[in-house]
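Participant: Build the 3D model from these lines:
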Amino acid sequence: MADATRATSKGVDDGVPDPETDLDPIDDDDLDDYVDPDPDLLEPPTLEWRRRTAIEMVISGALGLLASFVLSIDALKLAHDPKAALSCSINPVLDCAKVALRPEAHILGDYFPNAFLGIAAESVVITIAVAMIGGVVFPRWFMLSAQAVYSVGLLFAWYLFGVSYFAIHALCPWCLLITATTTLVWAGLTRINVRDGVIDIGPGARRFVASGNDWFVTVAVLVFMVAAIVLRYGSQLIA
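Facilitator: Okay, the predicted model is just below:
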């Protein structure tokens, strides 16, 4: 009986797996031979990818710049005549004048409408995007600074949307366009910074962006904004 026990302990197959002897040890050579199925997703983006994203930023930024110019002109009209009729004052819900006369529309003072900030911000981001289309790669500190500043702009745009939606109970079509374009530009800037490793939050994030999945998040945010407006105001938007 003792001999049988010793034989089993020496490796005789009794049909029961032994975790100490039956499992293959991890070989370092196996790790060295591992091949990433998508190695390109963790590499810096190609020039074509950067250009495509930068073009998207230019288009969104140009639309935001146009909206900022229109709002600046409207602000000057209202400064001259608070009762001036604006082309985007369509009905009680879509009323640019009602929004523009609020203190939130002049956060830096009565003589400095927020649209001036939009002109400055969009001009800078368009310049950056055009440079990236030309192949310019900015240093990390510069891109982090641009990300921080434009993130503040994004929060400010959504803050103003919240004020219009919850407090003023009126919407400015041009302001809505700025909110949407600011979201798109911020998404593009973030996409490039994550893919370039400027914002280093792990390989999973780089794969997520390189695969284009971040677009689903961006579109979902914009759909949420549109849905919130439609659900609240409905037919009043076209009344």
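
Participant: got a list of what the spatially most central residue of the chain touches?
Facilitator: The centre of the chain sits closest to residue 187, judged by Cα atoms, centre = their mean, with a distance of 2.4 Å. Contact partners of residue 187, counting by Cβ atoms under 8 Å, 6 or more residues apart in numbering, are 214, 215, 217, 218. Every residue, glycine included, has its C-beta placed from N, CA and C.

Participant: in which helix or strand would I find it?
Facilitator: Per DSSP states H and E, residue 187 falls inside helix 173-196.

Participant: Could you pull up the mean pLDDT of that helix?
Facilitator: When pLDDT is averaged along helix 173-196, the result is 95.

Participant: Let me know the angle separating the following helix or strand past it from helix 173-196.
Facilitator: Once the chain leaves helix 173-196, the next helix or strand it forms, by DSSP H and E, is helix 203-210. Our comparison of helix 203-210 with helix 173-196, counting by axes from the mean of the first three to the mean of the last three Cα atoms, to 10 degrees, yields an angle of 130 degrees.

Participant: Show me what the helix or strand that helix 203-210 is followed by is packed against.
Facilitator: Per DSSP H and E, the first helix or strand lying C-terminal to helix 203-210 is helix 214-233. Helix 214-233 is packed against helix 173-196, with contacts defined by 3 or more Cβ pairs under 8 Å, 6 or more residues apart in numbering; DSSP states H and E.

Participant: which regions of the chain lie under the pLDDT threshold?
Facilitator: Scanning the chain for pLDDT under 70 picks out 1-42.

Participant: Just the helices from it, written as ranges.
Facilitator: 2-9, 28-32, 47-80, 96-100, 114-133, 140-163, 173-196, 203-210, 214-233 (DSSP state H).

Participant: Among those, single out whichever gets nearest to residue 108.
Facilitator: Closest approach to residue 108 among these (Cβ to Cβ): helix 114-133, 7.5 Å.
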